[in-house]
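Novice: can you look at this prediction? I've put the sequence above it.
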Amino acid sequence: MKLKIENLSFKYNSIPVLENVNLETSPASITALIGPNAAGKTTLLKCIAGILKPEGRVLLDGRAINSFKIEKISSYIGYLPQDGFSSAALRVFEAVLLGRVHSLSWRISDDNFALVSEVLEGLGIGDLASSYIGELSGGQQQMVSIAQALIRKPKVLLLDEPTNSLDLQHQLEVIEIIKEVTREREIATLIAMHDLNLAARYADEFVVMNRGKVYITGTSESVITSEMVRSVYGVNATVYTDEEGVPQVTPKSSVRRKKGGVCCA
Amino acid sequence: MLVFGAIACVFTLVVDISTGPARLSVLKVFSTIFLLDKSDASARVIIWVIRLPVSLMAIVVGASLSIAGAEMQTILDNPLASPYTLGIAAGAGFGAALALVLGVGLVPHAGTIFVPLNAFVFSFLTCILIFFLSKIKGFTMETMILTGIALLFLFNSLLALLQYLASEEELQAVMFWLFGSLMKTTWKKLGITALVLLVTVPVLLKDAWKLTVLRLGDEKAKSLGINVERLRLKIFVLVSILAASAVSFVGTIGFIGLVGPHIARMLVGEDQRFFLPMSALAGALLLSAASIGSKMIIPGAIFPIGIITSFIGVPFFLLLILFKRRNFW
């Protein structure tokens, strides 16, 4: 399913947070949404997920999202919020099952049982099924959230900093799983990320946001440049291409600090 | 676990009916209830007019307060939410005191239910105030909780003012109401409270899955296609009526609404298909046990149930907290 955003704008208490955002994602590809804090990445994901009501259009295969029923939108779009961890007294099996809340009746059907087991096994967390979610590590909770989204068989996956607060090994595990399911299930995946090097390694397309606007879009080679890092993040950095041809960023100094700006005055 | 809870409730109900200042054997109690034994008129009055409605009221009110607490904790994502902490019980207390001290009621000429009706009106008024004040901020959890706590303090101050103005007899009546008591239960009052419970529970159970999703957080619930604000509002209205009807007849038995849901959560988790009935059973069991305890402390007299509920509930609850293996909040 193709996701297209047309002239999307959103205001929080009459302060513009998103202005005229246009972008497009394709099935079976990962689009990294990058940019500094307060660039509007989370707000954009919430607008696409139908949590916020923006101006402009969100189109799924050319059809406006607000023409779908709310249950239908949630079956097409899987959204993982930032820090969406919960301490609820729910087991992993129950938590994942909740991803299909609109198809659940008093008795859990065999189909739903099979689906949860399949998704958990697919993600390699079948052994956690009877654990309470509040007792899981950050990485495991993130996998449960991904399972919760995947059980709805979404066509579009929106992830808000899914590797945030995870150690290096778990960051790679989570992002590799996302890459795998994006390819296998032909999902159009949009991930808000802070780690430029991780994004450069795993994303197919890039959307750079700054102050609520799209700054630049393209592939890693055309987007991850020292000029972009300097003007969007305010950081002097060296960008080099590693042996696999992936751009890697080594930050050097803050532009603001060098100028003797607010932080060090 | 649910079956065990139900059996325990039936057991405490039987013991509750069988105990009291008038020493009647269990056999006598049963023959009066089931065989409509007409040989002993006084036993018939004791059982049918006094003990049976009081014992059943303990079950119904315990279940109502516990369900109200469970759903308040769920929709407000807060372990401290209960009809007591949100000021609903304080509103009822003020309403009752207003009727007892000044003889002022929003529904005059209500006869024997003048005091409880006033308590109901004021507790429901508290809910309406929470509702409208929270509406300004879009029914966020924080606004609802803070508004409830502010109203709790307001009504407690107004209650203190009324107590200050009251005569000795009026003050005694207010204090007795505030202790909480099942002794003024009639079949009519029991019927009203039970009816509210029976109407509310199926509606809550219908939304069991959606309420379970709510515990994953607002954003996740919204992304799963749930209209969180509407659900929160609907459940709040339902549990407000449930809590208001319970406290207005029996007084402030605040503890049940807080503890019942926590016991249920520790036993069956938060899948609302089990959590809701288990909360009802835990609350019913606690209040029924408290009702028995209230008759046993001083032989021949009945101790205020509000005090006993805390005496029985607090040690039990603390034991659960100290020995529980998991932290859910």
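Specialist: Cool, got the structure. Numbering: from 1, shown residues only, chains lettered A, B, ... in the order given.

Novice: quick check: residues of chain A near chain B?
Specialist: Along chain A, the residues adjacent to chain B under the rule CB under 8 Å from any CB of the partner chain are A:46, A:49-51, A:70-75, A:77-79, A:81, A:84, A:86-91, A:94-95, A:98-99, A:101-102, A:104, A:106, A:132, A:134-135, A:145, A:148. To be clear about C-beta, it is placed using only N, CA and C from the backbone, and glycine gets the same treatment.

Novice: got a quick PyMOL command for the buried subset of these?
Specialist: Command for PyMOL, covering only those of those found buried under the criterion 16 or more other CB atoms under 10 Å in any protein chain shown:
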select buried, chain A and resi 46+49+50+51+73+74+75+77+78+79+81+84+86+87+88+89+90+91+94+95+98+99+101+102+104+132+134+135+145+148
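
Novice: now, which of the residues of chain A next to chain B lie within strands?
Specialist: Under the assignment DSSP state E, these contribute A:77-79 to strands.

Novice: mark which of the residues of chain A next to chain B are part of helices, please.
Specialist: Among these, the members found in helices (DSSP state H) are A:46, A:49, A:70-75, A:94-95, A:145, A:148.

Novice: B:L224: which of these is nearest?
Specialist: Proximity of those to B:L224 (CB to CB) peaks at A:S74, which lies at 5.1 Å.

Novice: could I get the ones in helices among the residues of chain A next to chain B in JSON lines, plus columns for pLDDT?
Specialist: Formatted as JSON lines, those follow (pLDDT from 0 to 100):
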{"residue": "A:K46", "pLDDT": "92"}
{"residue": "A:A49", "pLDDT": "89"}
{"residue": "A:I70", "pLDDT": "75"}
{"residue": "A:E71", "pLDDT": "75"}
{"residue": "A:K72", "pLDDT": "79"}
{"residue": "A:I73", "pLDDT": "82"}
{"residue": "A:S74", "pLDDT": "80"}
{"residue": "A:S75", "pLDDT": "82"}
{"residue": "A:E94", "pLDDT": "93"}
{"residue": "A:A95", "pLDDT": "92"}
{"residue": "A:S145", "pLDDT": "87"}
{"residue": "A:Q148", "pLDDT": "88"}
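
Novice: could you list the low-pLDDT ranges of the chain?
Specialist: You didn't pick a chain, so chain A it is. Along chain A, segments meeting pLDDT under 70 span A:84-85, A:257-265.

Novice: wrong one, chain B
Specialist: Along chain B, segments meeting pLDDT under 70 span B:36-39, B:105-112, B:138-139, B:254, B:300, B:324-329.

Novice: now whatever residue of chain A ends up closest to chain B, nearest residue through space, not along the chain?
Specialist: Closest to chain B within chain A is A:S74: 3.4 Å, counting by CB to the nearest CB. Nearest non-adjacent residue to A:S74, counting by CB to CB, 6 or more residues apart in numbering or on different chains: B:G225, 3.4 Å away.

Novice: which SS state does that neighbour fall under?
Specialist: Three-state call for B:G225 (DSSP: H, G, I helix; E, B strand; the rest coil): coil.

Novice: how about the helices of the stretch 51-200 of chain B, start to end?
Specialist: B:52-76, B:88-97, B:114-135, B:141-165, B:168-179, B:187-206 (DSSP state H, counting those that start in this stretch).

Novice: give me whichever of these is most buried.
Specialist: helix B:88-97 (a mean of 31; mean count of other CB atoms under 10 Å in any protein chain shown).

Novice: list the contacts of B:I292.
Specialist: B:I292 makes contacts with B:12, B:15-16, B:19, as judged by CB atoms under 8 Å, 6 or more residues apart in numbering or on different chains.

Novice: how about it: what's its closest non-neighbour residue?
Specialist: B:D16 (5.0 Å).

Novice: is it correct that the one you found is in contact with B:A58?
Specialist: Yes. Here B:D16 reaches B:A58: they are 6.5 Å apart, a contact under CB atoms under 8 Å.

Novice: overlap in contacts of these two?
Specialist: B:288, B:291.

Novice: ok, which stretches of the stretch 151-265 of chain A are helices?
Specialist: A:168-184, A:196-202, A:220-223, A:226-228, A:255-258.

Novice: sorry, wrong one. I was asking about the stretch 201-329 of chain B.
Specialist: B:208-214, B:218-223, B:228-250, B:255-268, B:272-296, B:305-323.

Novice: what are the contacting residues of the first one?
Specialist: Helix B:208-214 is contacted from outside by A:90, A:94, A:98, A:101, A:104, A:106, B:71, B:74-75, B:77, B:204, B:220-221, B:224, B:226, B:228, B:231-232, B:235, B:270-273, B:275-276, using CB under 8 Å, 6+ apart.

Novice: and it, what's buried?
Specialist: Going by 16+ other CB under 10 Å, helix B:208-214 has these buried residues: B:208-214.

Novice: and what of the third one?
Specialist: By 16+ other CB under 10 Å, the buried positions in helix B:228-250 come out as B:228, B:231-236, B:238-250.

Novice: ok and it relative to helix B:114-135, angle-wise?
Specialist: Between the axes of helix B:228-250 and helix B:114-135, defined by axes from the mean of the first three to the mean of the last three CA atoms, to 10 degrees, the angle is 160 degrees.

Novice: tell me, what residue is most central in the chain?
Specialist: I went with chain A, as the question did not name one. In chain A, the centroid-proximal residue (CA atoms, centre = their mean) is A:L159; its distance is 2.0 Å.

Novice: try chain B instead
Specialist: Nearest residue to the geometric centre of chain B (CA atoms, centre = their mean): B:L65, 2.7 Å.

Novice: would you agree it is in contact with B:I253?
Specialist: Yes. With contact defined as CB under 8 Å, B:L65 counts as touching B:I253 (6.6 Å).

Novice: overlap in contacts, those two.
Specialist: Common contacts of B:L65 and B:I253 (CB under 8 Å, 6+ apart): B:247, B:287.

Novice: how close does B:C127 sit to chain A?
Specialist: Distance, B:C127 to chain A, using CB to the nearest CB, to the nearest Å: 25 Å.

Novice: so who does that residue touch?
Specialist: Contact partners of B:C127, counting by CB under 8 Å, 6+ apart, are B:88, B:91, B:236-237, B:240, B:244.

Novice: same deal with B:T19?
Specialist: B:T19 touches B:292, B:295-296, counting by CB under 8 Å, 6+ apart.

Novice: for B:I321, state which of these is nearest.
Specialist: Within the contacts of B:T19, distances to B:I321 taken as CB to CB reach their minimum at B:I292, with 24.0 Å.

Novice: list phi and psi for A:K4.
Specialist: With angles defined as degrees, to the nearest 10, A:K4 sits at phi -130, psi 130.

Novice: no further queries at this time; thank you.
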